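Novice: Got a predicted model here, sequence first, then my questions.
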Amino acid sequence: DGGITQSPKYLFRKEGQNVTLSCEQNLNHDAMYWYRQDPGQGLRLIYYSQIVNDFQKGDIAEGYSVSREKKESFPLTVTSAQKNPTAFYLCASRRGQGSGNTEAFFGQGTRLTVV
Amino acid sequence: AQSVTQLDSHVSVSEGTPVLLRCNYSSSYSPSLFWYVQHPNKGLQLLLKYTSAATLVKGINGFEAEFKKSETSFHLTKPSAHMSDAAEYFCVVTRMDSSYKLIFGSGTRLLVRP
């Protein structure tokens, strides 16, 4: 079955530690996105990538980094510079450029908690 | 610039009664609009989408939405609520520049009373 997979489902981070969230899709989509969701604030865009080896900052990129070395993979690293990383993180993918009318497919999310 | 406004942060209905979740959009272009549903601690699932074809769009689980250009609205409706409809719903518009980013509303939490 085609889909988008995020792992792990739950992740705990110690203060000052970097952690990486995995996102893999087998939908052959060019575009991939990372969102952060906090209670009562909807979804905010962290980073997005429209093609392999290229990505752009979203609205809240500070303290995060990404890579897009393969079409199917778009990992997100939460660095120690992110002062308030506790949140629910969602990855999404979408058909490529020029596809403004196509829907995004979402993973099941990773809940990150700082301990 | 594109934007969406969900007019209610919470909606509460009784099981078996109609559901109305309101969404207004702002767009300089003919918009692409979507409704997504999110159950607790889950990802988002597409309910339906409008892409300039029929103005009345039917989606999954008995939901539908009507695109009204004159009112810049895309309200989500369902004739009869089920307990399983309790979730958060997001109205989304596509940003019509080279990024094609999705712009999310702030969400409406639907509560269904037995």
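Specialist: Okay, I see it. As the structure is a prediction and not an experimental result, all values here were calculated from the model. Residues are numbered from 1 along each chain as shown, chains lettered A, B, ... in the order given.

Novice: Within range of chain A, give me the residues from chain B.
Specialist: Selection of chain B residues close to chain A by Cβ under 8 Å from any Cβ of the partner chain yields B:9, B:32, B:34, B:36, B:41-46, B:49, B:51-52, B:90, B:94-96, B:98-102, B:104-107. In short, each C-beta sits where N, CA and C put it, glycine included.

Novice: Contacts only, for the most centrally placed residue in chain A.
Specialist: Centrality entry for chain A: nearest residue to the mean C-alpha point is A:Trp34, 2.7 Å, by Cα atoms, centre = their mean. Contact partners of A:Trp34, counting by Cβ atoms under 8 Å, 6 or more residues apart in numbering or on different chains, are A:21, A:23, A:45-48, A:58, A:64, A:66, A:74, A:76, A:89-92.

Novice: Could you give the number of residues near residue 29?
Specialist: No chain specified, so I'll use chain A. 20 (other Cβ atoms under 10 Å in any protein chain shown).

Novice: try chain B instead
Specialist: Neighbour count of B:Tyr29, defined by other Cβ under 10 Å: 11.

Novice: And it, how close does it get to B:Gln2?
Specialist: 8 Å (Cβ to Cβ, to the nearest Å).

Novice: before we move on, what about A:Ser80?
Specialist: 35 Å.

Novice: So which of these two has more stuff around it?
Specialist: Neighbours were counted for A:Ser80 and for B:Gln2 using other Cβ under 10 Å; B:Gln2 has more, 19 against 14.

Novice: Among the contacts of A:Trp34, which ones lie close to chain B?
Specialist: A:45, A:48, A:58, A:90, A:92.

Novice: Can you list the strands that the least confident helix or strand in chain B by mean pLDDT pairs with?
Specialist: Ranked by mean pLDDT, DSSP states H and E, the weakest helix or strand in chain B is strand B:102-104, scoring a mean of 89. Sheet pairing for strand B:102-104, assigned by DSSP bridges, gives strand B:87-94 (antiparallel).

Novice: who's in contact with the partner strand?
Specialist: A:42-43, A:100-101, B:2-4, B:6, B:21, B:23, B:25, B:27, B:31-40, B:44, B:47, B:74, B:76, B:100-105, B:107-110.
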